[in-house]
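here is a sequence with its predicted model. Questions after.
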Amino acid sequence: MGNRWKVGAIGAGMLLSSLGMATPSLAAGCVPEPNAQCAGADLRGQNFGGADLRGADLRGANAEGVDFSDAVLTGANLTGANLRNAELINAYLDGARLNRARLDGAQFFGAYLSRTQFRGTNLTDVDLSGVQGNNARVLRELRRAVLCRTTLPNSLVINRDC
C-alpha cells in the first residue's frame, strides 16, 4: 500500500501551488463541502457537479457559468451571487436562499426547488418548466423575482419585467 496523505484546504492549496497546479476554488479559500465558507469567492471555471454544499455560504460569489448539476445546495445562502448561465440541472435547492442573485440564462431542468427563496432574483431567460418540488410554493415565491422571458413550472411564459 502507498502512503496516505491527509491535507487540509490550506495545505492542499500550497501543495498544488508548489506543483504549478493551483485551483481557483482553493486559492479563494473555498472548498466544496457542507457548510463551505465561500462568500465573495470567484468560482468561475469550477465544476461543482455532484458536490455536497449543504448550508454553504456563497453570498456574493461569482459563479457565472459554473456547473452545479446534481449538487446538493440544501439551505445554502446564495444571496447576491452571480449565477448567470450556471447549470443547476437536477440540483437539490431545498431551502436555498437565492435572493437578489443573478440567474439569467441559468439551467434548472429537474432541479428541486421547494422552500427556495427568489426575492429580487433575476430569472431572465430561465426555463423552470422541468423543476420538481412544491410548484404552488415556487410560484408564490417567484412573484418576488424579476421575470422576463421566464418559463414558469406550469409552462406559462412571463414577460412582466422586460
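Sure, I can see it.

helices of this structure, start to end?
For the chain, helices defined by DSSP state H occupy the ranges 9-18, 24-27, 135-142.

buried residues in stretch 31-47?
For stretch 31-47, the neighbour count (16 or more other Cβ atoms under 10 Å) marks 31-32, 36, 38-43, 46 as buried. In short, each C-beta sits where N, CA and C put it, glycine included.

which one of these sits closest to G95?
Nearest to G95, judged by Cβ to Cβ, of the buried residues of stretch 31-47 is A36 at 16.1 Å.

skipping its backbone neighbours, what lies nearest the closest one in space?
Nearest residue to A36, sequence neighbours excluded (Cβ to Cβ, 6 or more residues apart in numbering): A56, at 4.2 Å.

next one: V157
T151 (5.2 Å).

and for that neighbour, the neighbour number?
18 (other Cβ atoms under 10 Å).

right, and it touches D125 too?
No: T151 lies out of contact with D125 (Cβ atoms under 8 Å); the separation is 9.2 Å.

show me the shaky parts of this protein.
Filtered on pLDDT under 70, the chain yields the residue ranges 1-28.

quick check, central residue of it?
For the chain, the residue nearest the mean C-alpha position is F68 (5.9 Å; Cα atoms, centre = their mean).

got phi/psi on that one?
With angles defined as degrees, to the nearest 10, F68 sits at phi -110, psi 20.

any idea how far it lies from V157?
24 Å (Cβ to Cβ, to the nearest Å).

same deal with G60?
30 Å.

what about the two, which has more around it?
G60 (17 against 12).

does the more buried one touch G80 like I think?
Yes: using Cβ under 8 Å, G60 makes contact with G80 at a distance of 4.6 Å.

the chain: strands as residue ranges?
With DSSP state E as the criterion, the chain has strands at 150-151, 157-158.

so for R84, which of these sits nearest?
So among the strands of the chain, strand 150-151 is nearest, using Cβ to Cβ, at 14.1 Å.

how far does the closest one sit from the chain's center?
Here the centre of strand 150-151 is set off from its chain's centre by 19 Å, with Cα atoms, centre = their mean, to the nearest Å.

now stretch 40-60
Taking mean C-alpha positions (Cα atoms, centre = their mean), stretch 40-60 and its chain are 6 Å apart.

that one spans what distance, first to last residue?
By Cα to Cα, to the nearest Å, the extent of stretch 40-60 from end to end equals 5 Å.
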